[in-house]
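J.: pasted the sequence and its predicted model underneath.
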Amino acid sequence: MRYVEHLVLLKAKRPFTPEEVARFQELRSLYGVCWISCGSNYTQRGLGYNYAITVRFTREEAETAYQTHPLHIAVREEVIKPNVDTSQPNPVLAIDYVHDQPPRYGLMVV
């Protein structure tokens, strides 16, 4: 089986609150999402990126649908964008890649 990882690095103004993280976790209910993790960078290697969000999808089509889903758009507009430090250069970096490594932990939702 192929999986898609959607990795977003942010230059955040502040750490996300537990309530905001809970909003990220709501995205687990979307079609093809099998894993979401997020957290603050704890090293000095991040080149200014201090927060990461990773979403694992069961297929490329699910990642494509996710990008325009109203729940994802709401989380992006209401939670993520207000906390992005736009005074910094390149405050958001996103990358998507395909792999065939099955999840080793947690519940797989298909």
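T.: That came through fine.
J.: what's the pLDDT at the residue most central in space within the chain?
T.: By CA atoms, centre = their mean, the chain has its centre lying nearest to residue 53, at 3.3 Å. For residue 53, the pLDDT comes out at 95.
J.: these two touch, right, it and residue 10?
T.: Yes - using CB atoms under 8 Å, residue 53 is in contact with residue 10, at 7.3 Å. The C-beta positions use only the backbone N, C-alpha and C, and glycine is treated the same way.
J.: re earlier: how about the residue nearest to the centre of the chain, secondary structure?
T.: Three-state call for residue 53 (DSSP: H, G, I helix; E, B strand; the rest coil): strand.
J.: for it, give me its contacts.
T.: 7, 8, 10, 24, 36, 37, 38, 80 (CB atoms under 8 Å, 6 or more residues apart in numbering).
J.: how about the closest residue in space to residue 100 that isn't next to it in sequence, phi and psi?
T.: Nearest residue to residue 100, sequence neighbours excluded (CB to CB, 6 or more residues apart in numbering): residue 2, at 5.6 Å. Main-chain dihedrals, residue 2, degrees, to the nearest 10: phi -100, psi 140.
J.: for residue 10, the count of nearby residues, please.
T.: Residue 10: 26 surrounding residues under other CB atoms under 10 Å.
J.: just to revisit the earlier point, of the contacts of residue 53, buried ones?
T.: For those, a burial check counting by 16 or more other CB atoms under 10 Å picks out 8, 10, 24, 36, 38, 80.
J.: so of those, which ones are in helices?
T.: The members of the buried ones among the contacts of residue 53 that map onto helices under DSSP state H are residue 24.
J.: and the buried ones among the contacts of residue 53, which is closest to residue 47?
T.: Among the buried ones among the contacts of residue 53, residue 10 lies closest to residue 47 (CB to CB), at 12.1 Å.
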